[in-house]
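1. sharing a model prediction with you, sequence too.
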Amino acid sequence: MKATVKAHTNIALIKYWGKRDERLFLPTNNSLSVTLDKFYTITTVEFDEQLTSDQFYLNGNEAEAKETKKVVTFLNRVREKANSTLFAKVTSENHVPTAAGFASSASGYAALAAAAAKAIGLNLNERELSQLARQGSGSASRSIFGGYVEWEKGMESDGSDCYATPILDRDAWDLRVLSVEVTTKAKKVLSREGMKRTVETSPFFAGWLEAVDKDLITIKEALQEKDFTKLGQVVEANALKMHATTLGANPPFMYWQSATVEVMQEVQALREKGIEAYFTIDAGPNVKVVCQPDDEQKIHEALNALPVVNEIHHCRVGPGITYIAD
Ligand code: 2P0
């Protein structure tokens, strides 16, 4: 009744931005990500008839009540599926620098879904695990798989056709992602809240939905043709469109800080010098830069020279979930 799983985080190249069902985590649009090798979560789940409630330990300490509540809600879904009433001890180690703007929820819920399913005796395939992980956090549906992954929004109201699928192996295209951590002070609007506010109030949200389908077609062509320029251009443009929706929300909000804009402008300046780099930004001020291996060092040096840059993490394309023997 015990299992341990390692899952890696991912960065969306075409963003998930908006839900059509908040309880089931059903998105308004497909998204496409690359799994990263450097950041991951290792989670052990043990169901135990001696326990009288669920326990959640994160990085060696009992987790905060808010986080534990989310984990309990998720375990309730797993118990319902398995027709079980057993409580569990969940132990998670996060190797994700949250200051770098990576949501640990993607690797966290992918690892939790796979470990909990195995520990309770559910025999789920990867597609089913993707659907389960999705119900902890949307982006976790993509972290079940390695390489380049598309999360299908699906049409059904029960989420039965809403899951991620791998579209290109990690070995098929060796791209690099530099995670550029900038100095930051402001409090951020959580992505869950920002997404909801945008869907409900931003007049630009309709434009986002119209654009994202076209961007998906373009990026899939780029992946097939291994056309880096085509990929980079659509990645950067898609991130800018996602962020534009937040400016139209009521009340309006913005994830960027001045340091964010400085990094974005340096990336554009690098391109003018003939070095191909493209940025993407999630629900926070840090910037991720996508590039080809030969340019990685030059881009690092240019960005590292900016006073607003704190740290740069270098990532390669990573694998899907792995089960670890106890
Ligand atoms: C993404 N983000 O595609 C997008 C782009 C942020 C910006 O997925 O509410 O933590 O748990 O489903 O997955 C971050 O949101 O949101 C996210 P929930 P999640 O990666």
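-> On my side now, so go ahead.

2. quick one, what contacts residue 4?
-> For residue 4, the contact set (CB atoms under 8 Å, 6 or more residues apart in numbering) comprises 42, 43, 44, 45, 115, 323, 324, 325, 326. Quick note: C-beta positions are derived from backbone N, CA and C, even for glycine.

3. can you list the residues of the chain near the ligand?
-> Within the chain, the positions near the ligand by CB under 6 Å from any ligand atom are 12, 15-17, 25, 31, 103, 105, 137-139, 191-192, 282-283.

4. what about the closest residue to residue 323 other than its chain neighbours, is that helix, strand or coil?
-> The shortest distance from residue 323 to any non-neighbouring residue, by CB to CB, 6 or more residues apart in numbering, is to residue 5 (5.7 Å). When classified by DSSP: H, G, I helix; E, B strand; the rest coil, residue 5 comes out as strand.

5. quick one, what contacts residue 5?
-> Contacts of residue 5 (CB under 8 Å, 6+ apart): 42, 43, 110, 111, 112, 114, 115, 118, 321, 322, 323, 324.

6. which stretches of the protein form helices?
-> For the chain, the helices defined by DSSP state H cover 65-82, 104-120, 126-134, 191-201, 205-225, 228-247, 258-272, 296-304.

7. closest one to residue 159 among those helices?
-> Minimum separation from residue 159 across these (CB to CB) falls at helix 126-134, 6.4 Å.

8. what comes up buried for that closest one?
-> Of the residues in helix 126-134, 126, 128, 129, 130, 131, 132, 133, 134 count as buried by neighbour count, 16 or more other CB atoms under 10 Å.

9. quick check: residue 177 vs the ligand, distance?
-> Distance of residue 177 to the ligand, given as CB to the nearest ligand atom, to the nearest Å: 13 Å.

10. ok, what's across the strand from that residue?
-> Applying DSSP bridges to residue 177 gives these bridge partners: residue 290, residue 315.

11. hang on, it packs against residue 37?
-> No. Counting by CB atoms under 8 Å, residue 177 stays clear of residue 37, with 9.6 Å between them.

12. most neighbours among the contacts of residue 4, which one is it?
-> Highest neighbour count within these, by other CB atoms under 10 Å: residue 115, with 30 neighbours.

13. show me the contacts for that one.
-> Counted by CB under 8 Å, 6+ apart, residue 115 has contacts 3, 4, 5, 43, 44, 45, 90.

14. try 7 Å this time
-> Residue 115 makes contact with 3, 4, 5, 43, 44, 45 under the criterion CB atoms under 7 Å, 6 or more residues apart in numbering.

15. what's the answer for residue 147, then?
-> Residues near residue 147 by CB under 7 Å, 6+ apart: 35, 166, 168, 169, 170, 172, 317.

16. excluding residues flanking it in the chain, which one is nearest residue 229?
-> Nearest non-adjacent residue to residue 229, counting by CB to CB, 6+ apart: residue 276, 6.7 Å away.

17. can you tell me which residues contact the one you found?
-> Counted by CB under 7 Å, 6+ apart, residue 276 has contacts 228, 229, 232, 291, 292, 295.

18. out of these, who's nearest the ligand?
-> Proximity to the ligand was ranked across those by CB to the nearest ligand atom; first place goes to residue 232, at 17.4 Å.

19. hang on, isn't that closest one packed against residue 279?
-> No. In this structure residue 232 lies outside contact range of residue 279 using CB atoms under 7 Å: 9.0 Å.

20. distance from the chain centre to stretch 171-190, please.
-> From the chain centre to the centre of stretch 171-190 is a distance of 11 Å (CA atoms, centre = their mean, to the nearest Å).

21. make that stretch 194-211, sorry
-> 19 Å.

22. cool, and stretch 105-121?
-> How far stretch 105-121 lies from its chain's middle: 15 Å, per CA atoms, centre = their mean.

23. likewise stretch 127-139?
-> 12 Å.

24. likewise for stretch 236-252?
-> Per CA atoms, centre = their mean, the displacement of stretch 236-252 from the mean C-alpha position of its chain is 18 Å.

25. tell me the buried residues in that stretch?
-> When burial is assessed from 16+ other CB under 10 Å, stretch 236-252 yields the following buried residues: 236, 238, 239, 241, 242, 243, 245, 246, 249.

26. can you tell me how far the fifth one sits from residue 157?
-> Distance, residue 242 to residue 157, using CB to CB, to the nearest Å: 25 Å.

27. swap in the third one?
-> According to CB to CB, residue 239 and residue 157 sit 30 Å apart.

28. and what of the first one?
-> To residue 157, residue 236 is 34 Å away according to CB to CB.

29. the ligand: which of the buried residues of helix 126-134 is nearest?
-> Among the buried residues of helix 126-134, residue 134 lies closest to the ligand (CB to the nearest ligand atom), at 7.7 Å.

30. what residues does the closest one make contact with?
-> 25, 140, 141, 162, 163.

31. repeat that with 6 Å
-> By CB atoms under 6 Å, 6 or more residues apart in numbering, residue 134 lies in contact with 25, 141.
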